[in-house]
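>>> Can you look at this prediction? I've put the sequence above it.
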Amino acid sequence: MEGTITIKEMLEYMDSGRPFDLSYVTADRRRGTGGQLLSATRARKTGTAARDGQKLTASVVSAAARNPQHAEHFTRNIVLRDRTVKKIHPDLVTKFNGRVVL
């Protein structure tokens with residue numbers, strides 16, 4: 001279907017390094033918070049292990065020695081237009097580049 005995209009296709013697009021728009025639901029089991037629907041425009045995936053909410057600066061990039069274990073937790077770090085890093089769960093993305101995620 002033309003108006004939909006699979007999670008696999010979405011992750012391949014993210015890995016390409018091209019900017020994307022998405023809407024996603026927040027979730028944090030440890031804190032028992034989440035459920036807000038947020039949107040990001042012209043975001044990009046980052047390979048930097050920055051903390052959620054941190055600004056992506058040279059000192060953050062050089063100090064990124066910790067392992068965020070994205071594969072284990074099925075998460076990705078994205079950089080917003082204001083250079084803030086957000087951790088997202090791909091399975092909680094509702095729309096990607098205007099297409100519904102299946």
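Looks like it arrived, so ask away. Numbering: from 1, shown residues only.

>>> Show the low-confidence segments of this structure, by residue range.
Within the chain, the ranges that satisfy pLDDT under 70 run 1, 47-73.

>>> and the top strand by length along it, what does it pack onto?
Determined from DSSP state E, the single longest strand within the chain is strand 33-45. Applying 3 or more C-beta pairs under 8 Å, 6 or more residues apart in numbering; DSSP states H and E, one finds that strand 33-45 contacts strand 20-28, strand 76-79. Quick note: C-beta positions are derived from backbone N, CA and C, even for glycine.

>>> between those strands, which gets nearest to Lys8?
Of all these, strand 76-79 sits nearest to Lys8, with 13.3 Å by C-beta to C-beta.

>>> buried stuff in that closest one?
Residues of strand 76-79 classed as buried by neighbour count (16 or more other C-beta atoms under 10 Å): 76-79.
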